[in-house]
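1. Quick one, structure for this:
(2 chains)
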Number of protein chains: 2
Amino acid sequence: MMKLVEQMLAGDVLSLSRLITKVERGSAESLDIIKLIYPHLGKAYCIGITGPPGAGKSTIVDRLTAIMRQQGFTVGIIAADPTSPFTGGAVLGDRIRMQQHYLDKGVFIRSMATRGSQGGLPRTTSNVVKLLSAFGKDFILVETVGVGQTELDIMQNADTTVVVLVPESGDTIQTMKAGLLEAADIFLVNKADRPGADNLVTALEMIQLYRKQNHWQPPVLATEAINNVGIRELYRQIEKHLKASEKSGLLYQRRKEQRRTEFIEVIKHRVVGDLLRLIKQDKELSRYMAMVETGEVDPYSASDKVLQPRTLLTSWSQQLGEKGLTY
Amino acid sequence: MMKLVEQMLAGDVLSLSRLITKVERGSAESLDIIKLIYPHLGKAYCIGITGPPGAGKSTIVDRLTAIMRQQGFTVGIIAADPTSPFTGGAVLGDRIRMQQHYLDKGVFIRSMATRGSQGGLPRTTSNVVKLLSAFGKDFILVETVGVGQTELDIMQNADTTVVVLVPESGDTIQTMKAGLLEAADIFLVNKADRPGADNLVTALEMIQLYRKQNHWQPPVLATEAINNVGIRELYRQIEKHLKASEKSGLLYQRRKEQRRTEFIEVIKHRVVGDLLRLIKQDKELSRYMAMVETGEVDPYSASDKVLQPRTLLTSWSQQLGEKGLTY
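-> Numbering: from 1, shown residues only, chains lettered A, B, ... in the order given. Got it, this is the predicted structure:
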């Protein structure tokens, strides 16, 4: 493991890929990986690109990457959007378009499955971001469908969140309800050549007036990503937001909050894992599990019993005496 | 609380509404509510209606409710879809259309916010389903946008899951990737008068051929909900699935699994809550929290320290001696 991490830190892409796979699986090894790379975290700036399916997020990521490369920066792309051409979704044409970056050594692209996250370690995306940061990437772009809670959680890793909308009906309302409005640092109305684009821009600008913003007023940009229109302005606004966040201390505050949330989730994951193992091994405790499964006892009353301090502590101490807990 | 529950069980709608609000807030009271209603859980059959925004899910719920009422059944509707007219989204016409059911005493409609779920009790939807079941509803329809993990979790409450698609591009791929394909018991191609509908039906039917199904082969139905076309067949297929699930034991198995998952989440919620309180109160432990926040220590190494059995048990026992833990 040590060797793999060293190779990755020395710039070996294959080692990076392997480490990401391990972290994605959420295996016990991934704890060690994060511990090892933590002192080597770089200064990567993480940008979330989110919005409904079909809004053109991948094309925006593609065009933005091109500009960042022109400026001499390296880029890591995480596609957590199942419809993204990066993940193999969408049509063949999209995938071919992306290939320019696949051949560029300054760009690392990784697609991630968003479903079935219950088994593994929480906040895997945040760990992949860390790996890319330790690898030395300057920018990390995370593309995700902005709908569910999972997606909002992914967005919490972002230093700048770009919310992409298209002038189609329904999107605005949906986005606002999903809490994306509050998450946005930059609004993008993509496919701005379509009818209704001007109205959407105006609506978003008006909503901004009612939002209390201390250090940053989210701009509303119009783009046609497919024709490379407006992407340079997007890049300029990202730079502007970066500087404003640094100056106001918001960036520091955000990252502090991210670390706190992550810590709590790590604790949650480890404690619950041990507790479930405990229940399985303990006859008394697993009897309650069985009664809940058949519906004889409600889960709350059963948890009263299972979590009764004396029962739990006794069982816990016994385990300690025998072989120690996993943490 | 006892009185409110009694009134609800006696059929008082206002009490039901109040109890749902309490459960939604995830307050400590909600534990007691669930304990009190658990012995009174009815035989409600829960149907999940899921699919992308704009697929016409609300209209399907509306039409399906009408048929169920004709058959003499009572219906509870939970709209966890932010774009649903039930939740106040969508256009005025939709909302007016729904009003026939608002005036019907045999129908109870509740909209739920899906975002910001981190603070409250987990699986609130499942608790609202329980309340509606205890209230005596025959059918419970849960409408949700089928995209994120949260939505898939909501679907786990359903005895029958109906996945709604429309003949627009992208939807199919998106749905398949999001794990909805596996969750579906019935496929519905709505707006079947639009071009591409036949192709979508054929594609879904072909996919079915490759799926291993022991007791149930998910049918693919074509509907035009707005014109009330195909809804009676949907109702027939739901009944059919209900009977098949009962016969094969799948219904029993599913509900057992639901209870188990719920139990684990209740435990998770309670243990972690106490642990965080412990960290806050303990000087040694909160020092680690601070170091994680500033980035001095990685969350995994810090959790090693915080979760060190001796530290934890000592702090825990001290608390017990003083005032006992909350569970």
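2. which stretches of chain A form strands?
-> For chain A, applying DSSP state E gives strands covering A:45-51, A:75-79, A:107-111, A:139-145, A:160-165, A:186-189, A:220-222.
3. Mind checking these for the one nearest to chain B?
-> Distances from chain B to each of the strands of chain A were compared using CB to the nearest CB; the shortest belongs to strand A:139-145, at 6.2 Å. In short, each C-beta sits where N, CA and C put it, glycine included.
4. Could you give the backbone dihedrals for the closest residue in space to residue A:222 that isn't next to it in sequence?
-> With sequence-adjacent residues excluded and distances taken as CB to CB, 6 or more residues apart in numbering or on different chains, residue A:222 is closest to residue A:192, at 3.9 Å. Backbone geometry at residue A:192, expressed as degrees, to the nearest 10, gives phi -70, psi -10.
5. In this structure residue A:192 contacts residue A:220, no?
-> No - between residue A:192 and residue A:220 there is no contact under CB atoms under 8 Å: 10.7 Å.
6. Compute the number of surrounding residues for residue A:39.
-> Using other CB atoms under 10 Å in any protein chain shown, residue A:39 has 8 neighbouring residues.
7. Put together a markdown table for the strands of chain A, with distance to residue B:236 on each row.
-> Formatted as a markdown table, the entries for the strands of chain A read as follows, by distance: least, CB to CB, whole Å:
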| stretch | distance to residue B:236 |
| --- | --- |
| strand A:45-51 | 39 |
| strand A:75-79 | 41 |
| strand A:107-111 | 41 |
| strand A:139-145 | 34 |
| strand A:160-165 | 40 |
| strand A:186-189 | 44 |
| strand A:220-222 | 49 |
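8. any chance of those in JSON lines, plus mean neighbour count?
-> Formatted as JSON lines, these follow (neighbours: other CB atoms under 10 Å in any protein chain shown):
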{"stretch": "strand A:45-51", "mean neighbour count": "26"}
{"stretch": "strand A:75-79", "mean neighbour count": "26"}
{"stretch": "strand A:107-111", "mean neighbour count": "20"}
{"stretch": "strand A:139-145", "mean neighbour count": "27"}
{"stretch": "strand A:160-165", "mean neighbour count": "26"}
{"stretch": "strand A:186-189", "mean neighbour count": "26"}
{"stretch": "strand A:220-222", "mean neighbour count": "20"}
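9. Quick one: closest of the ones you listed to residue A:292.
-> The closest approach between residue A:292 and any of the strands of chain A, judged by CB to CB, belongs to strand A:139-145 at 34.3 Å.
10. ok, back up a step: next, show the common contact partners of residue A:192 and residue A:220.
-> A shared contact of residue A:192 and residue A:220, defined by CB atoms under 8 Å, 6 or more residues apart in numbering or on different chains, is any residue touching both; here these are residue A:201.
11. domains of chain A?
-> Following the assignment in automatic domain parsing, chain A carries domains at A:1-40, A:41-248, A:262-322.
12. near chain B at all, the last one?
-> Yes - when contact is scored as CB under 8 Å from any CB of the partner chain, part of domain A:262-322 falls within range of chain B: A:262-264, A:266-268, A:270-272, A:275-276, A:289, A:292-295, A:298-304, A:306-309, A:313, A:316-317, A:320.
13. These, buried ones only, as a ChimeraX selection?
-> What follows is the ChimeraX syntax for the buried subset of the residues of domain A:262-322 next to chain B, where burial is set by 16 or more other CB atoms under 10 Å in any protein chain shown:
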select /A:262,263,264,266,267,268,270,271,272,275,289,292,293,298,299,300,301,302,303,304,306,307,316
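14. Give me the subset of the residues of domain A:262-322 next to chain B that lies in helices.
-> Mapping the residues of domain A:262-322 next to chain B onto helices (DSSP state H) picks out A:262-264, A:266-268, A:270-272, A:275-276, A:289, A:292-294, A:299-304, A:306, A:309, A:313, A:316-317, A:320.
15. roughly how far apart are the residue lying closest to residue A:227 once chain neighbours are set aside and residue A:202?
-> Excluding its sequence neighbours, the residue lying closest to residue A:227 (CB to CB, 6+ apart) is residue A:193, at 8.0 Å. Taking CB to CB, to the nearest Å as the measure, residue A:193 falls 16 Å from residue A:202.
16. And for residue A:14?
-> When CB to CB is the yardstick, residue A:14 and residue A:202 sit 49 Å from each other.
17. any chance of the domains of chain A in CSV, with mean pLDDT too?
-> Listed next are the domains of chain A as CSV, based on pLDDT from 0 to 100:
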stretch, mean pLDDT
domain A:1-40, 89
domain A:41-248, 79
domain A:262-322, 76
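18. Could you identify which of the ones you listed is most buried?
-> When the domains of chain A are scored by mean count of other CB atoms under 10 Å in any protein chain shown, the highest mean neighbour count falls to domain A:41-248 (a mean of 20).
19. so which residue of the stretch 201-327 of chain A comes closest to chain B?
-> Using CB to the nearest CB, residue A:298 is the residue of the stretch 201-327 of chain A that sits closest to chain B, at 3.7 Å.
20. tell me the contacts of that residue?
-> Taking CB under 8 Å, 6+ apart as the criterion, residue A:298 is in contact with A:292, B:34-35, B:38.
21. Spatially nearest residue to residue A:38, not counting backbone neighbours?
-> Spatial nearest neighbour of residue A:38, excluding adjacent residues (CB to CB, 6+ apart): residue B:298 at 3.8 Å.
22. Phi and psi next, for that neighbour.
-> Per-residue torsions, residue B:298: phi -80, psi 150 (degrees, to the nearest 10).
23. now it: how far from residue B:20?
-> Residue B:298 is 42 Å from residue B:20, by CB to CB.
24. do residue A:58 as well
-> In this structure, residue A:58 lies at 40 Å from residue B:20, with CB to CB as the measure.
25. mind checking which of the strands of chain A is nearest residue B:145?
-> Taking CB to CB as the measure, those were each checked against residue B:145, and strand A:139-145 came out nearest at 10.6 Å.
26. How about the contacts made by the spatially closest residue to residue A:133 that is not a sequence neighbour?
-> Residue nearest to residue A:133 in three dimensions, not counting chain neighbours: residue A:44, with 3.7 Å by CB to CB, 6+ apart. Contacts for residue A:44 (CB under 8 Å, 6+ apart) come out as A:76, A:129, A:132-133, A:136-140.
27. cool, and residue A:136?
-> Counting by CB under 8 Å, 6+ apart, the residues that residue A:136 touches are A:11, A:42, A:44, A:74.
28. Just flag the most distant two among those residues.
-> By the measure CB to CB, these have their two most distant members at A:11 and A:44, which lie 14.9 Å apart.
29. quick one: the closest residue to residue A:226 other than its chain neighbours from chain B, how far?
-> Using CB to CB, 6+ apart and skipping residues adjacent in sequence, the residue nearest residue A:226 is residue A:59, 5.5 Å away. Remark: distance between residue A:59 and chain B (CB to the nearest CB, to the nearest Å) = 14 Å.
30. Surely residue A:141 is in contact with residue A:57?
-> No - in this structure, residue A:141 sits apart from residue A:57 without contact. The criterion is CB under 8 Å, and the distance is 9.7 Å.
31. Now the common contact residues for those two.
-> By CB under 8 Å, 6+ apart, residue A:141 and residue A:57 have these common neighbours: residue A:49.
32. Spit out the contact partners of the spatially closest residue to residue A:127 that is not a sequence neighbour.
-> Ranked by CB to CB, 6+ apart and with sequence neighbours excluded, the top spatial neighbour of residue A:127 is residue A:23, at 4.6 Å. By CB under 8 Å, 6+ apart, the contact set of residue A:23 is A:30, A:33-34, A:121, A:124, A:127-128, A:131.
33. what does residue A:108 give?
-> Neighbour list for residue A:108: A:13, A:16, A:75-77, A:132, A:135, A:137 [criterion: CB under 8 Å, 6+ apart].
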